[in-house]
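1. Need coordinates for the following:
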Amino acid sequence: MKRLIFITFICFASLGLTNAQKNAIGLRLGAGAELLYQRDLSTKNFLQFTLAIPDYNGLSVTGIYNWRCCQWNWTPKTCEWYLNAGVGGALGIYDFDDSGVLIGIAGSCAFGCQFKKVPISLDINYRPVIGVVTSGHSEGFFDPGFWNFGIAAAYHF
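-> Numbers count the residues shown, from 1 in each chain. Below you'll find the predicted structure:
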């Protein structure tokens, strides 16, 4: 488990060393707690990596490739509204009492706003993880991952 945390930290640190594109860090709360890192690839897509505590009973790393589907200027003085969607994968340890390995496909759909005067975004999102837990007494389909609704806040730099 210490190796997983260390490798995740190294990945986040190495991605933050290059300043050619926009980055964001944030927190997501829902069917677990997540630290998130976002890296813009272009104006139309971005990568998002999370270090999560799924269902508050495990530790996982998720990587999702996202597309900026729609943007609206409903409140021109305050913020820009958006809809993002993406797909990726998840890997982790589930059930602290009797650890099993979590492997799954992750999705993402987020609706929110990016404030214009401060570099902060807020969104509500659905981030399912469809997968399995191998070994441990939680072995089988990862039920909590399907109901992963949440609220996220991110600081963009």
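2. low pLDDT regions in the protein?
-> Counting by pLDDT under 70, the low-confidence segments of the chain come to 1-21, 137-138.
3. biggest strand in it by residues?
-> In the chain, taking DSSP state E as the definition, the longest strand is strand 58-75.
4. Can you name the next helix or strand after that strand?
-> Counting by DSSP states H and E, the next helix or strand C-terminal to strand 58-75 is strand 79-94.
5. Which strands or helices does that following strand pack on?
-> Contacts defined by 3 or more Cβ pairs under 8 Å, 6 or more residues apart in numbering; DSSP states H and E place strand 79-94 against strand 45-54, strand 58-75, strand 100-115, strand 129-134. Heads up, the C-betas are built off the backbone N, CA and C, glycines and all.
6. farthest residue from the center of the protein?
-> Largest separation from the mean C-alpha position in the chain: Lys77, at 28.2 Å (Cα atoms, centre = their mean).
7. Please determine how far it is located from Ile124.
-> Lys77 sits 22 Å away from Ile124, going by Cβ to Cβ, to the nearest Å.
8. For Phe146, give me phi and psi.
-> phi -70, psi -30 (degrees, to the nearest 10).
9. Can you get me a residue count around the residue nearest to it when sequence neighbours are not counted?
-> Among residues not flanking Phe146 along the chain, Pro128 sits closest, at 5.3 Å (Cβ to Cβ, 6 or more residues apart in numbering). A count of nearby residues for Pro128, using other Cβ atoms under 10 Å, gives 19.
10. Over to Val132?
-> Val132: 15 surrounding residues under other Cβ under 10 Å.
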